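Peer 1: Using only what follows, build the 3D model:
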Amino acid sequence: MKKIITRLAFALSLLAFVSCENDMEAILKMDKQAAAVEEGKDIESIYSQLGKVKAKLTAPVMLRHMQSPVYVEFNKGLKALFYNDTLGVESTLTARYGKYFENNDNVYLRDHVVVINKKGQRLDCEELNWDSKKAIFYSNKEVRISTLTDTLYGTGLESNQDFSDYTILHPSGPFVIKDSTSNQ
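Peer 2: Here you go, the predicted structure:
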């Protein structure tokens, strides 16, 4: 009987050792994945080109994923202010989610994206891309632009960074075409 208990204890110890080894591998894998993400809270970042401040970004949380391709994720939303050469605010941007790709300086925004320029014109869309090198916004999704007098709808958009010059690629909705040749 003593031999059976000893063998049973040995078998249980071996089983416990093997299961700990598997758990240890899982723990090491989780640690490696966790180490591949840097986290920051209450972020404030200044973006400049050629020594001039161009934008200021604030976000409650920033996650920098270190695995290739390296990107920064703003999963709790973000706000960006875009400045002119005299540091006057030209436009503001807010989104509930953003992703910045470090290899090409592009930003992908989604979930209630809003851009407002200094004229009060407002862009609302669900997805927007920002090419910081070219200083342009673009989208291939539905957009709505509200001006002081009209609301414009369409699919696709190209705009400069301060949202002062934009084009809806495929406009939709009611249109009024005035004939400039008539004397009415």
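
Peer 1: show me the contacts for Asn160.
Peer 2: For Asn160, the contact set (CB atoms under 8 Å, 6 or more residues apart in numbering) comprises Ala135, Ile136, Phe137, Tyr166. Quick note: C-beta positions are derived from backbone N, CA and C, even for glycine.

Peer 1: Got the confidence number for the second one?
Peer 2: What that stands for is Ile136. If you check Ile136, the pLDDT there is 91.

Peer 1: which other helices and strands contact the helix or strand containing Asp111?
Peer 2: For Asp111, the host element (DSSP states H and E) is strand 106-117. Judged by 3 or more CB pairs under 8 Å, 6 or more residues apart in numbering; DSSP states H and E, strand 106-117 is in contact with strand 89-95, strand 97-101, strand 122-131.

Peer 1: I'd like the mean pLDDT over the shortest one, please.
Peer 2: Spelled out, that is strand 97-101. 94.

Peer 1: do the same with the longest one
Peer 2: When pLDDT is averaged along strand 122-131, the result is 94.

Peer 1: Name every strand pairing with that strand and say which way it goes.
Peer 2: The pairing partners recorded for strand 122-131 under DSSP bridges are strand 106-117 (antiparallel), strand 136-146 (antiparallel).

Peer 1: next one: the shortest one
Peer 2: Based on DSSP bridges, the strands next to strand 97-101 in the sheet, each with its direction, are strand 71-74 (antiparallel), strand 106-117 (antiparallel).

Peer 1: and the last one, which residues are buried?
Peer 2: When burial is assessed from 16 or more other CB atoms under 10 Å, strand 106-117 yields the following buried residues: Asn106, Val107, Tyr108, Leu109, Arg110, Val113, Val114, Val115, Ile116, Asn117.
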